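Chemist: Give the three-dimensional model of this entry:
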Amino acid sequence: MLSGVVTYLGQNDFLTENDEVRNRLIAEGVAYSLYATTGFPKEQGITLKGYPYGLQDNADLFREVQKAEEFLQQDINDAIYNKQNEVPVIDNIDEEYVSDEPVIPKADEKPAAQEEKTTVLPYYAKYSELQKANPDSIVVYRLGDFYEVMGEKAEQAATILDLTLTGRNVGLPERVPMCGFPYHVADRYFGKLTESVSVVVVEPDAEPFKILSRDEARKTSELEELSPEESEEIDRIFSEQEEADEQPDYVGEIDTRFPIDDDYGDEDEPTDEEIEEAFEAAEEEESDEETEDYDYAEDKKQTKETKPENRGKPIWERRNRPSMQRSLFDAFEEKTPEEKFTEEILKDGSGVSGGKIRIYTEYMKNPYEKDFVRFLSREYGIGGRGGPDGINEMHDGKGMRFSKKNIETEEVEIAVNLKWEQVAVKIADLIDGDNYLNEREQKEYATLVRFREERQAAKDDDDLIKIIARQIVEYGSAHTYCEKYREYPSYLGESVQFYTQHYEAVNEEIAKFDEVRAVGKGNIYPYSSPNILFKLPYCPVWQAREERNRQRDERVKEYVDRFTRQCADEYKPSYDKTVVLSVKSDEMPEREYLFLKDHREDFTKYFLKQKGVENIDLSMQRIEITFDRKYIESLIAGNEQTPEERGKIRKIANAILAEGIKESTEGNYCSFFEDFKDDENFVRSHKNEIAEELCRREEVSDVEMTDDGFDVNYYTQYLWNYKDEQEDSTAVSDLDAEEDGEWENRIESGEITQIEPTDEPTKESNTDLTKIGFEQSELGGAKQRFRNNIEAIKLVNRLINSQKEATDDEKKVLAKYVGWGGLAQAFDEHNAAWQNEY
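Modeler: Sure thing, here's the model as predicted:
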């Protein structure tokens, strides 16, 4: 495809001779655009690289790509149209003469019937051919990341797998029935299908293969005649299995649930020394043998009529499954350090987001033992972890290996190696003992189960669209860490494909929820992830994150106060213009210094805003802060606000802010002096400084000082429990109806005279602030708000005098008027910082 695009662009002068990079970007961009707009399966894909130029150059280049793609698309469409409407040429040059006489058809001669050409897509034609050749089986076709069943068998497959039946356009007049499932859960769905019907699997660029149903596989195996040697081997295996079923779980310290091959005969009773030697030899042999490496891709490479493998028992029926009823002795059973450490590692999950929930969900389906082992191997994959706690864990196709070191001596205290069969049993035991998921994860699992039941109860596609939209909003608002939410919706389970196919319709439903500020499309087509902007009041995890950020900011500011005090305490009189405080990294706890390095920008920015600070340099080895000498001397003399007072004012403002954000339901919240108890006198004497500190916060609109305390007005998007006025619209409507009725009665009685409406044109009562480009962040601090108010008042006077309507720019100026409640400093004649404004 790419080579064809390059040829076309070169022939039509879209490429230049001396700019190879630009030519490549244009060709790849056009090819990708065509590739993304086709409906054919995309097995291989095209790698698209980023644009290397500046913003304007990249934009110009992108427009060229669009232009070239439009020309090429038009030429392709014209070529298809011309081909479909091509007039056949009559080859009659071999005739002796050509008559120009019209040919009159015979009366009884019927025109030849024209055969309609089908436009069925190639992959569906192949699918239909395979389904026709295997009428008693279900053909499953791989398209991209999904396996799909189409046509008449789709309804049967949807019933067996409990999937939603939808449709697909394959070039026929009507959409054909279709159901599907993601490739990463294909093994599970193949297992469900083969319980009742055989399955033909079609992979891209590979020969189709058939998986026999259980009944068909059983009949096939019954028809096979065994040789005497094979019969003898099977008898031996069954006799060994019967003996193994009778043995206890443990012999001494040996776990008999996992087989250990022995090398000694059973003719004579072995001695203790012989038993010990045999076990040592068995352990050496086991460590040398090649362990089975479960590979999902290899597992699926089955031949057409393969003999079904022994998948073991369902995991709930595994041998030596612990009793669900615990006895009194179980409570006193002490676990070894290895057992405790193993539980700790396994309860961490696979290390992938949502891994524990997926493992728990798979176990609750009661899969066969080997299927559960394969699932765990795929879920964990290849990886591991390590850290300063001395714990190292690795997992691959063979199993898991983890160890724990003594941090001080670096000696390995515990080391455990487990095969995937052992991991499967131990995780199963943890789940049975209700010791795998923690409380939060159990709630998460209950939510996913409820979601699945709600989707299954959907009456039709429209109902399912509404259910999916509500589930996305519910799950997203409960889990998002910030305003934007774009996580892959794995919680939709089998309905992810349906969501992708009905993305626009689901988005329309999502936009109706109060929790949602805006909704858009994902980055990559076909869209499979939401793109939602949530509102803070509905997002508890986001709220907790904001609270942690405020605590982090306060911690940074505490270091500023601490270093200011340290400089004053260590000051030695001098005539230098500045005083430098130097703090080495080894003079502070390591964690504290790392914290300051991680938040270097916030620390430096806040420090430089403080009075008397001229420069700050934070390096890997030290922190150097340069103060104005006169400021330090004035601070020591008691003529400046102390760092302790500054910190206390800030903490009181933080407390007011935290309470107001959580408790306010209408946009403002009052904090009274008497509520501060022991700090009441301090608050009263520093009320102006506290109000000024509050006005610096982005959450605060303004502060009104009262005789009893602070009345703080907040921007509603920061409030956790803000109630929209629309919620009380019913009550307001009722009041309006009562008042209207009362006025009508008074008019009818003649008590008052009705005023007839005039023909004056109505004016728009409210201005849409978003249309005029107004943002709350433009209000600024206290002095900026003062200037905004003055400018707005002057503008109002001009508009009144000229009797003109305000323009959009003038409306933006008027919108910045915030009132005078938080600007009391401007009217304080004793406030030196506000002398110019006063």
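Chemist: show me where the stretch 501-650 of the chain has helices.
Modeler: Secondary structure of the stretch 501-650 of the chain by DSSP state H, counting those that start in this stretch: the helices cover 503-510, 540-569, 590-598, 600-609, 629-636, 643-663.
Chemist: Only the buried residues of the last one, if you could.
Modeler: By neighbour count, with 16 or more other Cβ atoms under 10 Å as the criterion, the buried positions of helix 643-663 are 643, 646-650, 652-654, 656-657, 660-661. In this view, the C-beta of every residue, glycine as well, is placed from N, C-alpha and C.
Chemist: Ok, the longest one next?
Modeler: By neighbour count, and taking 16+ other Cβ under 10 Å as the criterion, the buried residues in helix 540-569 are 542-543, 546, 550, 556-557, 559-561, 563-564, 567-568.
Chemist: And the average pLDDT for it is what?
Modeler: For helix 540-569, mean pLDDT is 91.
Chemist: what helices or strands is it leaning on?
Modeler: Packed against helix 540-569 by the contact rule (3 or more Cβ pairs under 8 Å, 6 or more residues apart in numbering; DSSP states H and E) you find helix 461-479, strand 578-584, helix 590-598, helix 600-609, strand 622-628, helix 629-636, helix 643-663.
Chemist: Tell me what angle that helix forms with helix 629-636.
Modeler: 100 degrees (axes from the mean of the first three to the mean of the last three Cα atoms, to 10 degrees).
Chemist: Now do helix 540-569 against helix 643-663, angle only.
Modeler: 170 degrees.
Chemist: likewise the third one?
Modeler: In this structure, helix 590-598 runs at an angle of 70 degrees to helix 643-663, with the same axes, to 10 degrees as the basis.
Chemist: What of the first one?
Modeler: For helix 503-510 against helix 643-663, the angle between stretch directions is 100 degrees (the same axes, to 10 degrees).
Chemist: what comes up buried for helix 503-510?
Modeler: Those would be 503, 505, 506, 507, 509, 510, for helix 503-510 by 16+ other Cβ under 10 Å.
Chemist: For the nearest residue to the third one once chain neighbours are set aside, give its distance to residue 460.
Modeler: In this case it means residue 506. Leaving aside its chain neighbours, residue 506 sits nearest to residue 469 (5.0 Å; criterion: Cβ to Cβ, 6 or more residues apart in numbering). Distance, residue 469 to residue 460, by Cβ to Cβ, to the nearest Å: 15 Å.
Chemist: ok, now residue 480?
Modeler: When residue 480 is compared with residue 460 (using Cβ to Cβ), they lie 30 Å apart.
Chemist: Neighbour count: those two, which is higher?
Modeler: residue 480 (21 against 7; other Cβ atoms under 10 Å).
Chemist: ok now do that one, which residues does it touch?
Modeler: 487, 534, 539, 541, 542 (Cβ atoms under 8 Å, 6 or more residues apart in numbering).
Chemist: Out of these, which is nearest to residue 433?
Modeler: Within those, proximity to residue 433 (Cβ to Cβ) peaks at residue 541, which comes in at 29.6 Å.
Chemist: distance of that closest one from residue 357?
Modeler: 17 Å.
Chemist: do the same with residue 310
Modeler: 29 Å.
Chemist: Run through the stretch 51-200 of the chain and note the low-pLDDT ranges.
Modeler: Within the stretch 51-200 of the chain, the stretches with pLDDT under 70 are 51-52, 54, 81-119.
Chemist: The closest residue in space to residue 683 that isn't next to it in sequence: neighbouring residues, count only.
Modeler: The shortest distance from residue 683 to any non-neighbouring residue, by Cβ to Cβ, 6+ apart, is to residue 676 (4.8 Å). Residue 676: 17 surrounding residues under other Cβ under 10 Å.
Chemist: Kindly report the same for residue 467.
Modeler: Residue 467 has 21 nearby residues by other Cβ under 10 Å.
Chemist: and the residue nearest to residue 683, which of the three is it?
Modeler: Under DSSP: H, G, I helix; E, B strand; the rest coil, residue 676 falls in the helix class.
Chemist: again with residue 788
Modeler: helix.
Chemist: next one: the one 5 residues further on
Modeler: On the three-state scheme (three-state DSSP), residue 793 is labelled helix.
Chemist: Could you find the closest non-adjacent residue to it?
Modeler: residue 817 (7.6 Å).
Chemist: show me the contacts for residue 65.
Modeler: Contacts of residue 65 (Cβ under 8 Å, 6+ apart): 25, 26, 29, 30, 33.
Chemist: Among the buried residues of helix 643-663, which one sits closest to residue 322?
Modeler: residue 661 (48.9 Å).
Chemist: just checking, that closest one touches residue 722?
Modeler: No - applying Cβ atoms under 8 Å as the test, residue 661 and residue 722 come out as separate, 9.5 Å apart.
Chemist: Looking at residue 310 and residue 357 now, which is surrounded by more residues?
Modeler: Each of residue 310 and residue 357 has its neighbours counted (other Cβ under 10 Å); residue 357 has more, 19 against 9.
Chemist: With just CA atoms, put the helix or strand containing the more buried one into PDB.
Modeler: In this structure, residue 357 sits in helix 355-364 according to DSSP states H and E. Extracted C-alpha coordinates of helix 355-364, given in PDB (Å, rounded to 0.1, in the frame of the first residue of the first chain):
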ATOM      1  CA  GLY A 355      -4.700  -8.300  37.700                       C
ATOM      2  CA  LYS A 356      -6.000  -9.600  41.100                       C
ATOM      3  CA  ILE A 357      -9.600  -8.900  40.100                       C
ATOM      4  CA  ARG A 358      -9.100 -10.800  36.800                       C
ATOM      5  CA  ILE A 359      -7.400 -13.800  38.600                       C
ATOM      6  CA  TYR A 360     -10.300 -13.900  41.200                       C
ATOM      7  CA  THR A 361     -12.900 -13.600  38.400                       C
ATOM      8  CA  GLU A 362     -11.300 -16.500  36.400                       C
ATOM      9  CA  TYR A 363     -11.200 -18.700  39.500                       C
ATOM     10  CA  MET A 364     -14.800 -18.100  40.200                       C
END
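Chemist: in terms of contact count, name the helices or strands touching the helix or strand following it.
Modeler: As assigned by DSSP H and E, the chain's next helix or strand after helix 355-364 is helix 369-380. Applying 3+ Cβ pairs under 8 Å, 6+ apart, one finds that helix 369-380 contacts helix 186-193, helix 296-299, helix 355-364, helix 420-432.
Chemist: Can you give me the buried ones in stretch 358-371?
Modeler: 358, 359, 360, 362, 363, 367, 368, 369, 370, 371.
Chemist: Surely residue 679 is in contact with residue 649?
Modeler: No - using Cβ under 8 Å, residue 679 is not in contact with residue 649, being 10.5 Å away.
Chemist: Now for the buried residues of stretch 358-371: which two are most distant?
Modeler: Comparing every pair within the buried residues of stretch 358-371 by Cβ to Cβ identifies 360 and 370 as the most remote, at 19.0 Å.
Chemist: Kind regards, and thank you for your time.
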